[in-house]
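S.K.: Give the three-dimensional model of this entry:
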Amino acid sequence: MSGHSKFANIAHKKAANDAAKGKIFTRLGKEIMVAVKEGGSDINNNSKLRQVVAKAKASNMPNDTIERAIKKAASTDMSNYESVTYEGYGPNGIAIIVEALTDNRNRAASNIRNAFTKGGGNVGTPGCVSFMFDNKGQIIISKEECDKDADELMMLSLDAGADDFNEEDDCYEVLTSPDDFTTVHDALSKENVTMASAEVTMIPQTYVALTSDDDIKKMNRILSLLDDEDDVQNVYHNWDEPNE
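M.R.: Residues are numbered from 1 along each chain as shown. Below is the predicted model of the structure:
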């Protein structure tokens, strides 16, 4: 189960500086714009938009910023942007999936390949690692910010349509199918449950630990370079990151 390392990641990101927060908001804004272009600006009739808005709210993106992004999408030409997915390997065979949104496929491919290479990894063929992941809705709830006990939260989640509920030392994890994500998210929101993270994501079926300091350094380099790349929207991997 991924809750321990996943939550450590989220806690670290929430303590990030304003520049990092701005980068996250920029990426979320692009996701919102693409969702609006694909399915319209009515959140009630656009499931993809509902998913992205839920993710944005869990990332503490202000409501007025979300609304501006939705309105901006109606007047911005996104036709030259395309979604591209790259798959590859990091040190010790770590599986990595990179989702990009770009107006220049060649630039994105070159920069992403460069990030893998500089970290001792390599880009593979489509499908080479995606079979190791499950597409799931994932909601992380910090125990410190939740006034409900585990049984109450579990029943609330399962009754709303969640597939699974897991408890870790410092958090709860709710898993859903992608189609049921917004229903479960809305049910928890109505009960004033504060979510540290809420998104439809790629969850590894198994995790791989890195024991070599050199491998850890290389993996962090790959992730850092990908994070600096403007075309990159999301990065998924099966590294069992150590708690900070």
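S.K.: other SSEs contacting the helix or strand Glu31 falls within?
M.R.: If you go by DSSP states H and E, Glu31 is part of helix 18-39. Helix 18-39 sits against helix 47-58, helix 63-75, strand 95-102, strand 232-237, with contacts defined as 3 or more C-beta pairs under 8 Å, 6 or more residues apart in numbering; DSSP states H and E. In this view, the C-beta of every residue, glycine as well, is placed from N, C-alpha and C.
S.K.: swap the cut-off to 6 Å and go again
M.R.: helix 47-58, helix 63-75 (3 or more C-beta pairs under 6 Å, 6 or more residues apart in numbering; DSSP states H and E).
S.K.: hmm, who's touching that helix?
M.R.: Under the criterion C-beta atoms under 6 Å, 6 or more residues apart in numbering, residues 46, 48-49, 52, 56, 59, 61, 69-70, 73, 78, 101, 233 lie in contact with helix 18-39.
S.K.: Let me have the helices and strands packed on helix 18-39 in JSON lines, extended by mean pLDDT.
M.R.: Converted to JSON lines, the helices and strands packed on helix 18-39 look like this (pLDDT from 0 to 100):
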{"stretch": "helix 47-58", "mean pLDDT": "90"}
{"stretch": "helix 63-75", "mean pLDDT": "86"}
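S.K.: Helix, strand, or coil at the nearest residue to Gly137 once chain neighbours are set aside?
M.R.: Spatially, and ignoring its direct neighbours in sequence, Gly137 is nearest to Phe181 (3.0 Å; C-beta to C-beta, 6 or more residues apart in numbering). Assigned by DSSP: H, G, I helix; E, B strand; the rest coil, the conformation of Phe181 is helix.
S.K.: From Ile66, how far out is the residue minimising distance to the centre of the chain?
M.R.: Centroid-nearest residue in the chain: Thr201, 5.3 Å away (criterion: C-alpha atoms, centre = their mean). According to C-beta to C-beta, to the nearest Å, Thr201 and Ile66 sit 19 Å apart.
S.K.: Give the partner strands of the strand of greatest length in the chain in its sheet and their orientations.
M.R.: What stands out as the longest strand in the chain, according to DSSP state E, is strand 133-142. Paired strands of strand 133-142, with direction, are strand 171-176 (antiparallel), strand 197-204 (antiparallel) (DSSP bridges).
S.K.: Kindly calculate the angle that the last one makes with helix 18-39.
M.R.: The one in question is strand 197-204. Going by axes from the mean of the first three to the mean of the last three C-alpha atoms, to 10 degrees, strand 197-204 is angled at 80 degrees with respect to helix 18-39.
S.K.: Can you list the buried residues in the helix or strand that strand 197-204 is followed by?
M.R.: Using DSSP H and E, the helix or strand that follows strand 197-204 in sequence is helix 213-228. Within helix 213-228, the residues that qualify as buried by neighbour count (16 or more other C-beta atoms under 10 Å) are Asp215, Ile216, Lys218, Met219, Asn220, Arg221, Ile222, Leu223, Leu225, Leu226.
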